[in-house]
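> Here you go, sequence then predicted model.
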Amino acid sequence: MNQKIVYATREEIAQAMKDNAIRKIALKRRENRHLHIWQDTGEVEFYNKYQKKQAEYDNLGFEFRLYMANEQRKKRIKDRITKMYETRKAVFLTLTFSDKLFERNITSETRRTYIRRFLKDQCSEYLANIDFGSTNQREHYHAVVVPKTIIDFEKYREIFDSNINSKRIIVSNNSVKLLGKYINKLTNHALKENGYYQRLIFSRQSK
């Protein structure tokens, strides 16, 4: 395995995901999780003895780096969703391609470009990822977005199926956490299916 995730091939990452590399490291870290209570303050702190050096000793160095990269991605996802959520304008979209688009036999990368263009045109902030139907494996996308105004789906009727699921995100304590987990689950699913590491589509964050 390559030493760094950025130099790993799709095949290496896909195989690691199929071998449940992230879960494997998560279980080892759970087994090595220790509790420390500071005597002076009584503060409770958890720390983990299973770090990079031990993982490399177990010949799991690549898997450990993949796990840590996944943890960092989850944090970035949560931060982005939190920012959109706080605008009180966030919407959750399910974008399904039209039959005519699939009949044209264009590539998945071209369909991905259509998604990116649509989101950039219609939304000020967005985070999206690919998914596949559980029964028919039909490709579609899920996205959390902040629309610029009212999303003009009619403008893209030749690309998307007419049955677009668009739901305003209800303000609640669990919304960000649940959406973050869902998008991250889709990321892991895409990794298993395609061997891609960076499959999220996202807007440039405003300063």
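Yes, it's here.
> my read is residue 62 is in a strand, agree?
No - Residue 62 sits outside any strand when classified using DSSP: H, G, I helix; E, B strand; the rest coil, being helix.
> Make sure it is actually in contact with residue 15.
No - in this structure residue 62 lies outside contact range of residue 15 using C-beta atoms under 8 Å: 10.2 Å. For every residue, glycine as well, the C-beta is placed using N, CA and C.
> Pick out whichever of the two has more residues nearby.
residue 62 (20 against 15; other C-beta atoms under 10 Å).
> show me where the protein has helices.
Under the criterion DSSP state H, the chain contains helices at 10-18, 21-31, 52-57, 61-85, 99-103, 108-122, 175-194.
> Residue 154: which of those helices is closest?
helix 108-122 (11.3 Å; C-beta to C-beta).
> Now the closest one: buried residues?
Neighbour-count burial for helix 108-122 flags 111, 112, 114, 115, 116, 118, 119, 122 (criterion: 16 or more other C-beta atoms under 10 Å).
> Also stretch 21-35?
Neighbour-count burial for stretch 21-35, counted by 16+ other C-beta under 10 Å, picks out 21, 22, 24, 25, 28, 29.
> which one among these gets closest to residue 163?
residue 22 (33.3 Å).
> Could you dump the helices of the chain into CSV and include mean pLDDT and distance to residue 146?
As requested, the helices of the chain are exported to CSV (pLDDT from 0 to 100; distance: least, C-beta to C-beta, whole Å):
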stretch, mean pLDDT, distance to residue 146
helix 10-18, 72, 30
helix 21-31, 82, 30
helix 52-57, 86, 37
helix 61-85, 83, 5
helix 99-103, 88, 26
helix 108-122, 94, 10
helix 175-194, 63, 13
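> Turn those helices into CSV, including distance to residue 140.
Putting the helices of the chain into CSV (distance: least, C-beta to C-beta, whole Å) gives the following:
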stretch, distance to residue 140
helix 10-18, 20
helix 21-31, 24
helix 52-57, 36
helix 61-85, 19
helix 99-103, 11
helix 108-122, 10
helix 175-194, 10
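> out of these, nearest to residue 165?
Of the helices of the chain, nearest to residue 165 by C-beta to C-beta is helix 175-194, at 13.5 Å.
> domain assignment for this structure?
With domains defined by automatic domain parsing, the chain comprises 5-72, 82-202.
> How far does the last one stretch from one end to the other?
The first residue of domain 82-202 is 14 Å away from its last residue (C-alpha to C-alpha, to the nearest Å).
> Could you do stretch 77-97 as well?
25 Å.
> List the buried residues in that stretch.
So, applying 16+ other C-beta under 10 Å, buried residues of stretch 77-97: 77-78, 80-81, 83-85, 90-93, 95-97.
> same question, stretch 43-63
For stretch 43-63, a neighbour-count test (16+ other C-beta under 10 Å) marks 50, 54, 55, 60, 61, 62, 63 as buried.
> a markdown table for those residues, including distance to residue 130?
As requested, those are arranged in a markdown table below (distance: C-beta to C-beta, whole Å):
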| residue | distance to residue 130 |
| --- | --- |
| 50 | 32 |
| 54 | 34 |
| 55 | 29 |
| 60 | 28 |
| 61 | 28 |
| 62 | 24 |
| 63 | 23 |
